[in-house]
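S.K.: Provided below for reference: sequence and predicted model.
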4 protein chains.
Amino acid sequence: MTQNIAILGASGYTGAELIRLIATHPSMQIKALSGERKAGQSMASVFPHLRHLDLPDLVKIDEIDFTDIDLAFCALPHKTSQEVITNLPRDLKIVDLSADFRLRDPEAYAKWYGNAHSAVEIQREAVYGLTEFYRDEIAGARLVAGTGCNAATGQFMLRPLISAGVIGLDDIILDLKCAVSGAGRSLKENLLHAELSEGTNAYAVGGTHRHLGEFDQEFSALAGRAVRIQFTPHLIPANRGILATGYVSGDAQVIHDTLVKQYADEPFIEVLPFGETPSTHHVRGSNFCHIGVTGDRIEGRAIVVAALDNLTKGSSGQALQNANLMLDLPEAAGLMLAPCFP
Amino acid sequence: MTQNIAILGASGYTGAELIRLIATHPSMQIKALSGERKAGQSMASVFPHLRHLDLPDLVKIDEIDFTDIDLAFCALPHKTSQEVITNLPRDLKIVDLSADFRLRDPEAYAKWYGNAHSAVEIQREAVYGLTEFYRDEIAGARLVAGTGCNAATGQFMLRPLISAGVIGLDDIILDLKCAVSGAGRSLKENLLHAELSEGTNAYAVGGTHRHLGEFDQEFSALAGRAVRIQFTPHLIPANRGILATGYVSGDAQVIHDTLVKQYADEPFIEVLPFGETPSTHHVRGSNFCHIGVTGDRIEGRAIVVAALDNLTKGSSGQALQNANLMLDLPEAAGLMLAPCFP
Amino acid sequence: MTQNIAILGASGYTGAELIRLIATHPSMQIKALSGERKAGQSMASVFPHLRHLDLPDLVKIDEIDFTDIDLAFCALPHKTSQEVITNLPRDLKIVDLSADFRLRDPEAYAKWYGNAHSAVEIQREAVYGLTEFYRDEIAGARLVAGTGCNAATGQFMLRPLISAGVIGLDDIILDLKCAVSGAGRSLKENLLHAELSEGTNAYAVGGTHRHLGEFDQEFSALAGRAVRIQFTPHLIPANRGILATGYVSGDAQVIHDTLVKQYADEPFIEVLPFGETPSTHHVRGSNFCHIGVTGDRIEGRAIVVAALDNLTKGSSGQALQNANLMLDLPEAAGLMLAPCFP
Amino acid sequence: MTQNIAILGASGYTGAELIRLIATHPSMQIKALSGERKAGQSMASVFPHLRHLDLPDLVKIDEIDFTDIDLAFCALPHKTSQEVITNLPRDLKIVDLSADFRLRDPEAYAKWYGNAHSAVEIQREAVYGLTEFYRDEIAGARLVAGTGCNAATGQFMLRPLISAGVIGLDDIILDLKCAVSGAGRSLKENLLHAELSEGTNAYAVGGTHRHLGEFDQEFSALAGRAVRIQFTPHLIPANRGILATGYVSGDAQVIHDTLVKQYADEPFIEVLPFGETPSTHHVRGSNFCHIGVTGDRIEGRAIVVAALDNLTKGSSGQALQNANLMLDLPEAAGLMLAPCFP
């Protein structure tokens, strides 16, 4: 049976990525696409790479009849998202790709995002969307909150290690290299080709990146005590991909074993042979996450590296994976595209 | 019924692209992969982006049992390809991606490739693999010769115009902008990132590029007289994509009408609205070709621009499209992936 | 004797490039920098790559005392430029980098730029700033109009050939590959890294690019009759550089001889040996222009390719070269930086 | 008085960079250039971006008459370098850019480079070439060993902090992002544009990178005890630039003060205002190193980030700076080029 899908905020990169993936999904049909500023335009004009698809034109959200919509992806900016979702039918299944429902504690939300949450009731029913760790809750959820793309990458690497107690909790460092599409289709000087290509820089240095809210929430819950990691993202001249380099204390071989065991049956998480390291080149355009573990020359120190595509496994692919669960479809439907290399 | 597939020369980019596409093909299974120098290695080590797939290891060609192979893709260098194919079973269906069987005239082959053809008998049965124009012959062929990627781009633009007689034949100029994967995975100084990124240059200037042999053969056959075009390729700092800018004499509106009519029912060729121009960004990783037509300020002159992905529609996607026809499968099977943007 | 310099519009790329060049100039000192929207900011905050220099902060133009300024570079947007220059002291030497004073005919200006010229009197005294062809006039000028970067590239290639009468005038085609800094530091979607990297497209197709006004003016004057060329620019994923591929009728060897002779004594124009082709990689960050000539396989057809850095020889380097002449300084002062490769 | 210069190994990137810099040096003249495999070729054919310079052709080293050479830059591969230098005149001043004379302990050399050192006598007289910290020794040296580019970046950040005792010595982590020219002009698959652009990966993970030998030697000497840092380099899709992100324990403000004080009078080291972070974009093509310090949200933890151009300050610029000292020339001669941005 075909499921009817709406995508709110379809004029951004995560919206386009959802459409790209759903285009090969055997049992989803896109019924409505919204884009407030570009309402009235065809998707072929907004995203010419989708011109071969038979897609509805962009409309404003309040023009959409949600009666026959089975699930809506909400790819709107944070803050806008909570306002919009508040006004959607209360029985509509929703996968939200914004930051609005990721943090369970409204105070944490206010601290990291600078404004009080306006839909605290709804937030209570939201399930955190890291599929591999919340699968059952997601399958039964009405509202799933997609994770941050950096937050997903770090958690794939660190959650099993924290849970298993095989690494120290007080000296975890995550150094991320992030492609530019994570910043969205926004007109900022530092996102121009002339400013970004051929170089790199750190940003949100010193523990100010909002995805730390997710790390704090999730890692502390796993450890049963407060866990605070160091996390520095860097902008690299690429369009897709996050490479997370994790510096941890622990036995590298035990760490590797823990990850291998954790992900043995996961379709999308590949743990490389011990001593090999992943590359964002090898996950581009796909829903896969590659993880590698190496021991350091310093006894008791290990380096764990994870790579995924921020738009796919880090965002829209994760969202589709969750939607499949919520609609009782095969979890990997529409998601087995091989990476696009070179 | 599943078709058993072999890929000879699977350690290069076109081989990897075939695997990427076949990975989502509903009725093909890869049974053998060859790579002479990398025989014995797993595909995960040669192309880590394919590590999630259950693929046979690379072997030498003479280790392959072709008994149960339904079709072989031959992604070997030219000259090697004719030698290998000569020794394959004479009833094996083959799609060759090399240049060896593109030119029907052995003298033309010798002129453009610098060596006599060693398999003239086999060449006689080869069908030129430009799907949209040789569909029926391909469906019945045993051996299909994939076109050059530049040659495909230029022909999608120009064949209908030459056939319809709507452009002048003696002043056609094709200026191509080509991504680097067209040069293959070869270790040459000018293909290094440090030499290629952030700049561009022309190459094979003055009518020396080998794909001219195909243009000469095909366009002359269509026109019923010798046609010689000017063709200058340029290397641009990108991994996938060819943009062909064609300068022709003729009425731009008639040219547009001719192309629209020609490709009205084609699943992979998109003619843009008059006055719009395509971008390689919008076909990346897909089997689509976008074509745009614009009139020049100079009366009677038009600019036609075509864009495709050299590894997909220009090579491996075309090959799979042809294989589908040869195996009586739906022509678009495995090929409806949307472009990967951004 | 040190010359005092002001740069109006110093927060854009051509302004920054002027500062980079002047930083090593033995007899110029930067006394004032303007930037209306960023007035009050230090150059270190606007362009951190210039932080080692002792530069004045950005101010608004009307805060500048021009009394002791010997020459002002005006790197403002067109239309703004004519308004500003109208109000500058009438004896101040000015090199304008905008489009406002390039076209001698006010009607041509209105046609290409869409608004009437508001400073027709001043335009009359402007000298067209293509140094190698207007050297004497520039040396005596008060106001020099820097050329368009595409217009400079095309003229270096074609002027000597038109003057010498060695090419046909009615079938000249210029296909340009342009780096993105030519579009300035402007916030447009198509200039984002995610939209531009890894692909290419044509723009201003069909004879609509404004630099055609310069080609028409200059080539017609040289030929003594109307000359209209075809010109298609393409955006390539690079930050600096223009590669112009010219398709002309004529004897390639004669064309080469003509260019060699023309530029024999020029410090910045290098004509390559016959049959070699230039690359934008090899002029990046420098004031050099490389030109190559090749004969086509079609008798009587030649391909001429020119490469320069749009920000240097195409804009700010040219401007400094002209300023040197106007101030009676050595023409190459501050301009002999070797290209930055790789 | 003009100093006569030879460059051995002039066909690689560091050789070309030396020529680029020396081209604007007021008192150096290049008298000889060697390149064993490309002997007999002109520099214009090996590096077309240098074609405007009047340079000697490449010769084999044994063809060079060193009688009138004042100083030789040796830009050869390690191991080759020690063999060549052994046979050079014993009074010839030499700046070696290879790894051969960086490590004072022959056993350390053997450990990191896998072969016994064959010129131990000569090594004894070598001075480590980190200009800002060995200035006096360099001025009096006959042989200076240029540092590793990564080693330079890390030391600019960490030396003053270790010397001043303001950071912990047992938990220093350096995460580097390195442009590809650091790997030289070598034909390796992972350096191809198609393999490198649009992605990133770690390499030499786990404490295996050879530059650790330099860190160990220098930091231990400064601390008066063994210091072992963790160091992971990453390859990013850019041609020039190293960004080093350092994670240290200590008071961020004290760290900043220490660096500001250390570098107050240095012409090439810029310490940014507290809380700002550098970018490789802003040092490209220049001899500058930018360093920024930020406090982490975790009390007592700081992030220090340093950026430089590996070919300039990390290699050839450093070499020229040292040569200036050895020849009693102004230290910054030929080195004040502003970065090339964008």
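M.R.: Thanks, I have the structure now. Residues are numbered from 1 along each chain as shown, chains lettered A, B, ... in the order given.
S.K.: Does residue A:271 touch residue A:261 like I think?
M.R.: No. The criterion here is C-beta atoms under 8 Å, and residue A:271 misses it with residue A:261 at 9.1 Å. To be clear about C-beta, it is placed using only N, CA and C from the backbone, and glycine gets the same treatment.
S.K.: the more surrounded of the two?
M.R.: Taking neighbours as other C-beta atoms under 10 Å in any protein chain shown, residue A:271 and residue A:261 compare with residue A:271 leading, 25 against 12.
S.K.: which ones are touching that one?
M.R.: Contact analysis of residue A:271 by C-beta atoms under 8 Å, 6 or more residues apart in numbering or on different chains lists A:256, A:259, A:260, A:263, A:291, A:292, A:293.
S.K.: Please report phi then psi for the first one.
M.R.: The one in question is residue A:256. Dihedral angles of residue A:256 (phi, psi; degrees, to the nearest 10) stand at phi -60, psi -50.
S.K.: And for it, the neighbour number?
M.R.: By other C-beta under 10 Å, 23 other residues sit near residue A:256.
S.K.: where does it land on pLDDT?
M.R.: Predicted confidence (pLDDT) for residue A:256: 98.
S.K.: what's the spacing between the closest residue to chain C within the stretch 1-150 of chain A and residue A:323?
M.R.: Residue of the stretch 1-150 of chain A nearest chain C, by C-beta to the nearest C-beta: residue A:13 (7.1 Å). Distance from residue A:13 to residue A:323, counting by C-beta to C-beta, to the nearest Å: 18 Å.
S.K.: Flag every buried residue along the one helix or strand residue A:222 maps to.
M.R.: Assigned by DSSP states H and E, residue A:222 falls within helix A:211-223. By 16 or more other C-beta atoms under 10 Å in any protein chain shown, the buried positions in helix A:211-223 come out as A:211, A:212, A:213, A:214, A:215, A:216, A:217, A:218, A:219, A:222.
S.K.: Would you point out the most distant pair within the residues you listed?
M.R.: A:211 and A:222 (16.3 Å; C-beta to C-beta).
S.K.: Make sure residue A:18 is indeed in a helix.
M.R.: Yes. The assignment for residue A:18 is a helix, going by DSSP: H, G, I helix; E, B strand; the rest coil.
S.K.: Next, count neighbours for it.
M.R.: When neighbours are counted by other C-beta under 10 Å, residue A:18 comes out with 31.
S.K.: With the one 5 residues further on instead?
M.R.: Residue A:23 sits with 18 neighbouring residues when counted by other C-beta under 10 Å.
S.K.: Now it: closest residue in space, sequence neighbours ignored.
M.R.: residue B:338 (4.6 Å; C-beta to C-beta, 6 or more residues apart in numbering or on different chains).
S.K.: Could you measure from that neighbour over to residue A:95?
M.R.: From residue B:338 over to residue A:95 (counting by C-beta to C-beta), the distance is 20 Å.
S.K.: neighbour-wise, which of residue A:13 and residue A:323 wins?
M.R.: Legend: neighbour count by other C-beta under 10 Å for residue A:13 and residue A:323, higher for residue A:323 (29 against 26).
S.K.: hmm, back to that, looking at the buried residues of helix A:211-223, spot the one nearest chain D.
M.R.: residue A:212 (7.7 Å).
S.K.: How confident was the prediction at the closest one?
M.R.: At residue A:212, the pLDDT recorded in the model is 97.
S.K.: Please apply the same query to residue A:288.
M.R.: With respect to pLDDT, residue A:288 has a value of 98.
S.K.: Around it, count how many other residues there are.
M.R.: The number of residues near residue A:288, taken as other C-beta under 10 Å, comes to 27.
S.K.: again with residue A:105
M.R.: The tally of other residues near residue A:105 (other C-beta under 10 Å) stands at 13.
S.K.: Tell me which residues touch it, please.
M.R.: Going by C-beta under 8 Å, 6+ apart, residue A:105 touches residue A:217.
S.K.: again, but for the one 4 residues further on
M.R.: Going by C-beta under 8 Å, 6+ apart, residue A:109 touches A:100, A:103, A:116, A:117, A:123, A:213.
S.K.: now with 7 Å?
M.R.: Residues near residue A:109 by C-beta atoms under 7 Å, 6 or more residues apart in numbering or on different chains: A:103, A:117.
S.K.: Are we agreed that it is in a helix?
M.R.: Yes. Looking at residue A:109 with three-state DSSP, it is inside a helix.
S.K.: how far away is it from chain D?
M.R.: Distance of residue A:109 to chain D, computed by C-beta to the nearest C-beta, to the nearest Å: 17 Å.
S.K.: Kindly give the local confidence score, pLDDT, for that residue.
M.R.: So residue A:109 comes in at 96 (pLDDT).
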